[in-house]
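In: sharing a model that was predicted from the sequence below.
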Amino acid sequence: MTRTHVSIPTLRSRGFTLIEVMVVVVILAILASIIVPNVINKPEEARITKAEADVRSIDAALEMYKLDNYRYPTTNQGLEALVRKPDVPPIPHHWHRYLNHLPIDPWGHPYKYIHPGIHGGLSFNVWTDGPPGHHHVIGNWTLDAHGGNAP
């Protein structure tokens, strides 16, 4: 018996040419230039939204404090009066914990408080200076009409 060798054609292994690689790189660069600027701003927008929510939450806790104690904490007592009973006069008689902890703004700074308020005709002001290097104060007087307290 004779053996017949059947030759199976081998496929020649072929890589990408430099031009094909360059076309893919250019397409990716175009996509990145369109998508990245839109995605980059989202974290900062999220931080601003978080700060606005924190200011509203602190605002509401201060209103509850006033309902129970007939006055807002003094500037000296500060926002700490919402988590710990003040030991500086005027000592609140019907105090309870209004917040479990004081939030820190998304940029790592404590929120600021002053009573009486100096902005927006409000009884008090709560705010953060916003992102470092920007002039974007987020306070109870900068929020929409439903976010702040009444004078």
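Out: That came in fine, so what should we check first? Residues are numbered from 1 along each chain as shown.
In: flag the shaky bits of the protein, pLDDT-wise.
Out: Applying pLDDT under 70 to the chain flags the ranges 1-14, 33, 35-41, 144-151.
In: wait, Ile104 touches Lys112, no?
Out: No: under the contact definition of C-beta atoms under 8 Å, Ile104 does not touch Lys112, with a separation of 11.9 Å. Any C-beta I mention is one placed from the backbone N, CA and C, and that applies to glycine too.
In: neighbour count winner among these two?
Out: Taking neighbours as other C-beta atoms under 10 Å, Ile104 and Lys112 compare with Lys112 leading, 16 against 12.
In: can you pull the contacts of the closest residue in space to that one that isn't next to it in sequence?
Out: With C-beta to C-beta, 6 or more residues apart in numbering as the criterion, Lys112 has its nearest non-adjacent residue at 5.3 Å, and that residue is Trp127. In this structure, Trp127 makes contact with Val55, Tyr111, Lys112, Val137, Ile138, Gly139, Asn140, Trp141, Thr142, judged by C-beta atoms under 8 Å, 6 or more residues apart in numbering.
In: ok, 10 Å please
Out: Remark: with contacts taken as C-beta atoms under 10 Å, 6 or more residues apart in numbering, Trp127 is in contact with 51, 55, 58, 105, 111-114, 117, 119, 137-143.
In: could you do His93 as well?
Out: If a contact means C-beta under 10 Å, 6+ apart, then His93 has Asp68, Asn69, Tyr70 as its contacts.
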